[in-house]
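**Q** Here you go, sequence then predicted model.
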Amino acid sequence: IYNKRSSRSNKKYSTRIMEKIRYSEIFHSVQGEGRWVGVPSVFFRVFGCNFHCHGFGQGRDKSKWLKPEEMPYSTQDLSELKNIKDLPVVDIGCDASASWSTRYKHLVDWEPIDKIAKEIISYTPENKWICSTGQDIHFVITGGEPMLWQRELQQLIRQPTFRDLKNITFETNCTQLFKDGFDKFMHGLTAGDYGKHPIHVTWSTSPKLSISGEKWEKAIKPDVARQYAEIPNTHLYFKFVVEDEKDLEEVDMARKAYADAGVEADIYLMAVGATVEGQSKTARQVADLCLKYGYKYSPRLHVDLFGNKWGT
């Protein structure tokens, strides 16, 4: 039963011009990383990002790094490809480069939000977020960088197909301040104004360290983390991709910078390497670092279960 305020709000919003979102894939899998590892989830991967992260998997010696124009996202032969799922999962650079590189733009979808909403719900086991078992399916908005699509995501989540949703995770690099009234929308979302339940929001933030190739001043944004963390009924944690103990120096610097801004949160360490082969080189030593310093360890469970493939 929806209150009158919610009904009026949804009706008013539905009269606006229907936005479109460019996205690379929708799929149903278990969450492989962070706080909700193992939870059945529908993933919506938006297109576009403000980072390239070409340093991942290239080691410490930057003189040996491939230049951006030499990276797989710049050099792969796309002449025979019909869909990004035909691309291999790369072992250097961003593992989701197909969700932001303009070379892949013709391989992804660009559709109205109402159509996307219906497509998303079709991936749930019973075409609804609450299963007959009483268990709920989570909705994960990933990318690319989801917070580049704040205006459009408001309209998407207000669609009728999300009214029984209980859990949303935003997988974000934590660099985008709220805009387009997104903070007001989030307050309404977590208060239950748009559906049957107050929605619990998880901010799965993955700030980038120098191992990524991104600059500190662009990647570490404590004011952004504070904005996210201040939304009620939400949980924010940090997930840092690391290789060895040297990265822990930057993790500690970031932890202090966020704490100075009033954000103290769980910290997960995840091993660099998006493939089975890459994970095998670093996962154990990263787990040992977690045991040594008390940080939480995040696997890439989907890689362990399904291997090097899209849609998992």
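**A** That came through, no problem.
**Q** can you pull out the helices in the stretch 201-312 of the chain?
**A** Assigned by DSSP state H, counting those that start in this stretch, the helices in the stretch 201-312 of the chain fall at 216-219, 222-229, 245-260, 276-293, 301-306.
**Q** Please identify the deepest-packed of the ones you listed.
**A** Most buried of the helices of the stretch 201-312 of the chain, by mean neighbour count (mean count of other CB atoms under 10 Å): helix 222-229, with a mean of 19. For glycine as for every other residue, the C-beta is placed from the backbone atoms N, C-alpha and C.
**Q** Now the element after the worst-scoring helix or strand of the chain on mean pLDDT, going C-ward?
**A** Least confident helix or strand of the chain, by mean pLDDT, DSSP states H and E, is helix 4-14 with a mean of 48. Scanning forward in sequence from helix 4-14 by DSSP states H and E, the next helix or strand is strand 20-30.
**Q** Which strands or helices does that next one pack on?
**A** Packing partners of strand 20-30 (3 or more CB pairs under 8 Å, 6 or more residues apart in numbering; DSSP states H and E): strand 40-46, strand 109-112, helix 113-121, helix 150-157, helix 301-306.
**Q** Mind putting the ones you listed into a markdown table with distance to Leu248 and mean pLDDT?
**A** Below are those laid out as a markdown table (distance: least, CB to CB, whole Å; pLDDT from 0 to 100):
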| stretch | distance to Leu248 | mean pLDDT |
| --- | --- | --- |
| strand 40-46 | 29 | 98 |
| strand 109-112 | 40 | 96 |
| helix 113-121 | 38 | 98 |
| helix 150-157 | 33 | 98 |
| helix 301-306 | 23 | 88 |
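**Q** Looking at those, which is nearest to Pro68?
**A** strand 40-46 (21.8 Å; CB to CB).
**Q** got the angle between the closest one and helix 150-157?
**A** Per axes from the mean of the first three to the mean of the last three CA atoms, to 10 degrees, the angle that strand 40-46 makes with helix 150-157 is 140 degrees.
**Q** so how far is strand 40-46 off the chain centroid?
**A** Distance of strand 40-46 from the chain centroid (CA atoms, centre = their mean, to the nearest Å) equals 9 Å.
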